[in-house]
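In: have a look at this fold, sequence not included:
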């Protein structure tokens, strides 16, 4: 497929037009050929590349990690261990965030259970959000 418009690329890849333009500006997507009228013209390889980026973003990879992973994918000769290392580092970050969210969940759950729902003065939810202990509310 040659001559795919930016709108067509957006539709086929599931990526917003402005996002495509942004990826081009930062070099994550190559600058496309232009028609005589100055419109962007994309190829099948651009659909695949953009789909790769979209999926990696959905998994929470940073743009720098995506750039490194794409370079490995396009290089063909790099060992898979490099991609594994990038993914393992990302996994550690995700697991750390999950642990933080679990702690936040427990604090919030305990706070909600303590709240009687009646009096703003001494409200556990407001106290926790304000950094006050229940004794400070008096």
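Out: Received it, and whenever you're ready, just let me know what you need. Owing to the predicted nature of the structure, the values given are computational and were not obtained by experimental measurement.

In: can you map out the strands along the chain?
Out: 33-34, 40-41 (DSSP state E).

In: can you redo those as JSON lines with mean neighbour count?
Out: Where C-beta positions appear, they are placed from N, C-alpha and C, glycine not excepted. Putting the strands of the chain into JSON lines (neighbours: other Cβ atoms under 10 Å) gives the following:
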{"stretch": "strand 33-34", "mean neighbour count": "11"}
{"stretch": "strand 40-41", "mean neighbour count": "18"}
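
In: reformat the ones you listed as TSV; add distance to residue 25.
Out: Shown next, in TSV, are the strands of the chain (distance: least, Cβ to Cβ, whole Å):
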stretch	distance to residue 25
strand 33-34	15
strand 40-41	13
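
In: buried residues in the helix or strand bottoming out on mean pLDDT in the chain?
Out: The weakest-scoring helix or strand in the chain, judged by mean pLDDT, DSSP states H and E, is helix 124-130 (a mean of 79). Going by neighbour count (16 or more other Cβ atoms under 10 Å), the buried part of helix 124-130 is 124, 127, 128.

In: list the contacts for the first one?
Out: I take that to be residue 124. 111, 112, 114, 115, 134 (Cβ atoms under 8 Å, 6 or more residues apart in numbering).

In: ok, now with 6 Å
Out: The neighbours of residue 124, taking Cβ atoms under 6 Å, 6 or more residues apart in numbering as the test, are 111, 114, 115.

In: what is the nearest of those residues to residue 62?
Out: residue 111 (32.6 Å; Cβ to Cβ).

In: surely the closest one meets residue 128?
Out: Yes: counting by Cβ atoms under 6 Å, residue 111 touches residue 128, with 4.8 Å between them.

In: need the longest helix for the protein.
Out: Looking across the chain with DSSP state H, the single longest helix is helix 80-114.

In: what's it packed up against?
Out: Contacts defined by 3 or more Cβ pairs under 6 Å, 6 or more residues apart in numbering; DSSP states H and E place helix 80-114 against helix 63-75, helix 124-130.
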